[in-house]
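S.K.: Need coordinates for the following:
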Amino acid sequence: MTTRRDLLGGLAATTLLPALPARARSAALPALIAGTYANEGGAGLYTLAPAGAGWRVGPAAPLTGISFGVTHGAHRYLAKEQAKGRLIVTDRRARVLADVASGGDDPCHVAVSPDARALAVANYSSGTVSVWPLGRDGRPGAPTVRQQHGTGPNTDRQAGPHAHWVGFTRDARRLHAVDLGADAIFAYDIAGAVPGQPRVAWRAPAGAGPRHLAHHPRLPIAYVVTELGNTLVTLDAHTDGTFATRSTQSLLPAGFSGASFAAHLAIDARGRRLYASNRGHDSVAVFDLAADGTPRLIQHIASGGHWPRFFLLLEDQARCLVANERSGTVAVFRILPDGRLAATGQVLAVPGVVFLDRA
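M.R.: Coordinates of the predicted model:
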């Protein structure tokens, strides 16, 4: 089977922006974890320990191929990316509590429902979505696995469905799955922890390859980055779980003609700034979000390495850490009062780094 690993081979705007509302700043930096790919030199799940004004790289737990993870309470849920993928449940000290089949190939994203009663995994290469009930002890029960369907015009990347992101609605009654191969977002109605059959909630432009989604924290709006189209798409979110396109804009600067693939996006807690990473152009794009949620590009900044697959916003510490997969580096940025980023100069060596989270 051809896997996703086989297929994936600072210009700041001059507009002055008002400072964002002040947030309480904690002097203490949190300990972090970093998931890595073994085929790019990663030794496992690293610890990044606070050290002065930054972090130092600590030892790695022998959990290799961890492409993504989420932490809820005392438990951490990790996707082990491989053919016949695995979902690994650990405690906060990386002690393995459960290791179960992910329900497909190359799992790459995980989500816990807001009521903590269900957990979902996106399996990229098989195009399947798995949902587990979670017990009171946080451990997964028997999963329900759903197969998505669809193709796109890019025969190298879209010969079949490729689930890339999963997320629950705030009321935990619906699950969405972004599918790069099918050029679609699918919706699942959730009864307990059992998903219904997938239905198309939104169609992307042919060949766009949607990758990740983020909901606005206050407005009925969502944002999608398209990996193949290198665009940020703003969507109106409807109560029936469907979406409608409001606007589309490039994630790359005007005049750039090289190869690039959009990766991660995140929105600050107040819904004032949106951040997205570009692999190839090797940058983070920063957008101002207007009161109605309309994005406006305000900055491109170099990611501090090569192939920024993921980044982690630490708003209380005014920091953003960017995981540059192919250079094996984590670059540390300050979040300025207006939401833009500024390099601190600290770059940590973490071979094959692909995701970050609080420890």
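S.K.: Identify the spatial nearest neighbour of residue 321, chain neighbours not counted.
M.R.: Spatially, and ignoring its direct neighbours in sequence, residue 321 is nearest to residue 312 (4.9 Å; CB to CB, 6 or more residues apart in numbering). Every C-beta, even on glycine, is put in place using the N, C-alpha and C of the backbone.
S.K.: so how many other residues sit close to that neighbour?
M.R.: Residue 312: 19 surrounding residues under other CB atoms under 10 Å.
S.K.: Residue 276 too?
M.R.: Here the count is done by other CB under 10 Å, and residue 276 has 27 residues near it.
S.K.: so it sits right up against residue 262, yeah?
M.R.: Yes. Residue 276 is within contact range of residue 262, at 6.3 Å (criterion: CB atoms under 8 Å).
S.K.: Need the residues touching each of those two.
M.R.: 225, 232, 251 (CB atoms under 8 Å, 6 or more residues apart in numbering).
S.K.: Who does the second one form a beta bridge with?
M.R.: With DSSP bridges applied, the residues forming beta bridges to residue 232 are residue 225, residue 249.
S.K.: mind checking how far the spatially most central residue of the chain is from residue 41?
M.R.: Nearest to the centroid of the C-alpha atoms of the chain, with distances taken as CA atoms, centre = their mean, sits residue 264, at 4.9 Å. Using CB to CB, to the nearest Å, one obtains 21 Å as the distance from residue 264 to residue 41.
S.K.: same question, residue 207
M.R.: In this structure, residue 207 and residue 41 are separated by 33 Å, where distance is defined by CB to CB.
S.K.: Break the chain into its domains for me.
M.R.: Recorded structural domains for the chain (assignment: the TED database) are 29-64+259-288+295-358, 104-250.
S.K.: Give me the distance between the two termini of the first one.
M.R.: Across domain 29-64+259-288+295-358, the straight-line distance between its terminal residues is 10 Å, by CA to CA, to the nearest Å.
S.K.: Could you tell me how far it lies from the centre of the chain?
M.R.: On the basis of CA atoms, centre = their mean, to the nearest Å, domain 29-64+259-288+295-358 sits 11 Å off its chain's mean C-alpha point.
S.K.: In TSV: the domains of the chain, plus distance to residue 85 and mean pLDDT.
M.R.: Formatted as TSV, the entries for the domains of the chain read as follows, by distance: least, CB to CB, whole Å; pLDDT from 0 to 100:
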stretch	distance to residue 85	mean pLDDT
domain 29-64+259-288+295-358	13	98
domain 104-250	4	98
